[in-house]
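A.B. asks: can't give you the sequence, but here's the structure:
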């Protein structure tokens, strides 16, 4: 059984297609062939703050922030598209419904993320595992978040913050405990944290 994902909101395919069309039309994305690039299944993206890691609150403190999808052409990862909730019209207003284009990012992190998803799909075999993306920018962590009946696991994407190693699956609680000191240093403004 392939990896499972949280069902994306209705209409997300239309938004992703429109984003790709705009990127190509405005020259922000050059394609090597005439083939239309493929968009991978969108993954739910979560943010985890340094305060939550430092205080040991775990993944329960992770907040959903949108969706990310890898964009590929002829087997090459071009980058990731991000869709985010619309900004509230005014401060204190209820969040608007739906999604909007949040950005397109290229680089080694995006290639690493796509490779990690492929590797995880092979490793989980027939197990039922839900996959999402976890970001903790204060400590430079981008990871796959694998949620299965055996518990949550994190697979850091290179470059992984020490002492974690990129591509290795860690029990989530243990990984976050290992990053607690780096999170405390980040909150204290210590530039030598890595």
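C.D. replies: Perfect, thanks for sending it. As the structure is a computational prediction, the values presented were derived from the model and not from experiment.
A.B. asks: okay, CA-based contacts and neighbour counts for the rest of this
C.D. replies: Noted.
A.B. asks: which residues touch residue 52?
C.D. replies: Under the criterion of Cα atoms under 8 Å, 6 or more residues apart in numbering, the neighbours of residue 52 are 58, 61.
A.B. asks: contact partners for the residue minimising distance to the centre of the chain?
C.D. replies: Nearest to the geometric centre of the chain sits residue 133, at 3.2 Å (Cα atoms, centre = their mean). Counting by Cα under 8 Å, 6+ apart, residue 133 makes contact with 43, 44, 45, 46, 68, 142, 143, 144, 145.
A.B. asks: ditto for residue 166
C.D. replies: Per Cα under 8 Å, 6+ apart, neighbours of residue 166: 155, 156, 157, 158, 159, 160.
A.B. asks: once you drop chain neighbours, what's closest to the fourth one?
C.D. replies: In this case it means residue 158. Nearest in space to residue 158, with sequence neighbours left out and distances taken as Cα to Cα, 6 or more residues apart in numbering, is residue 166 at 4.9 Å.
A.B. asks: do the same with the first one
C.D. replies: Take residue 155 and drop its neighbours on the chain: the residue closest to it by Cα to Cα, 6+ apart is residue 169, 4.5 Å away.
A.B. asks: try the fifth one
C.D. replies: Excluding the flanking residues, the one nearest residue 159 by Cα to Cα, 6+ apart is residue 166, at 6.4 Å.
A.B. asks: picking up where we left off before, the residue nearest to the centre of the chain belongs to a helix?
C.D. replies: No - assessed with DSSP: H, G, I helix; E, B strand; the rest coil, residue 133 is strand; it does not lie in a helix.
A.B. asks: from residue 110, how far out is it?
C.D. replies: For residue 133, the distance to residue 110 (Cα to Cα, to the nearest Å) stands at 12 Å.
A.B. asks: one more: residue 153?
C.D. replies: From residue 153 to residue 110 the distance is 20 Å (Cα to Cα).
A.B. asks: longest single strand anywhere in this protein?
C.D. replies: strand 63-73 (DSSP state E).
A.B. asks: who are the packing partners of that strand?
C.D. replies: Here strand 63-73 touches strand 38-39, strand 43-47, strand 76-84, going by 3 or more Cα pairs under 8 Å, 6 or more residues apart in numbering; DSSP states H and E.
A.B. asks: that concludes my questions; thank you for your assistance.
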